[in-house]
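> generate coordinates for the sequence data below:
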Amino acid sequence: LKTAEFLREKFNDEGETDAVEPDGVVHARMLDRVAKRARLPAELQTLVMHGFGTHHAGMRREHRKIVAEAFLEGTIKVLCCTATLAWGVNLPAHTVIIKGTTVYNSKRGGFVDVSILDVMQIFGRAGRPQFDTVGGGEAIIITHKNRLRHYI
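Model (predicted):
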């Protein structure tokens, strides 16, 4: 939620809200869906109405479904999600950003690096020709300086 809120504020500060906010028809459709099918938490509803969303295991299943559908149809242009979503759900995107390259491993009792294979799987969501109308995708990884060599 924090990352999505930060990005929304950044787009607002830079005067770039037109790039992410849904148009009138799409906006009305989303409001209708939220009103009829499920009440999103206030913070998430505010984000969705401005073209942003979050998706993680801590959300109710119906909320995750609404967010995923809104992203696929283009109502949500920026989706901040956990690695779990990127591994398990087929949501194509133009740009994929991995923010942080560690995940908690309960068997090891601590954080471990996301594997190269998992990074490739997540980056594989970017720029899929059948979905990307802009052409070519972008993949960005944000990690600690001492882990950068591991991923390049």
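> quick check: which ranges of the chain have low pLDDT?
The model of the chain has pLDDT under 70 over residues 25-28, 30-38, 84-89.
> now do the helices in it.
For the chain, the helices defined by DSSP state H occupy 2-13, 24-37, 42-49, 61-73, 83-88, 116-123, 145-151.
> can you put those in TSV and add distance to G100?
Glycine gets a C-beta too; all of them are placed from N, C-alpha and C. Formatted as TSV, those follow (distance: least, C-beta to C-beta, whole Å):
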stretch	distance to G100
helix 2-13	10
helix 24-37	29
helix 42-49	20
helix 61-73	20
helix 83-88	9
helix 116-123	12
helix 145-151	10
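> would CSV of those with distance to R108 and mean neighbour count be doable?
Output for the helices of the chain, formatted as CSV (distance: least, C-beta to C-beta, whole Å; neighbours: other C-beta atoms under 10 Å):
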stretch, distance to R108, mean neighbour count
helix 2-13, 26, 14
helix 24-37, 39, 13
helix 42-49, 32, 17
helix 61-73, 27, 18
helix 83-88, 16, 16
helix 116-123, 16, 15
helix 145-151, 17, 11
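> of the ones you listed, which is nearest V96?
Closest to V96 of the helices of the chain, according to C-beta to C-beta: helix 116-123, at 5.6 Å.
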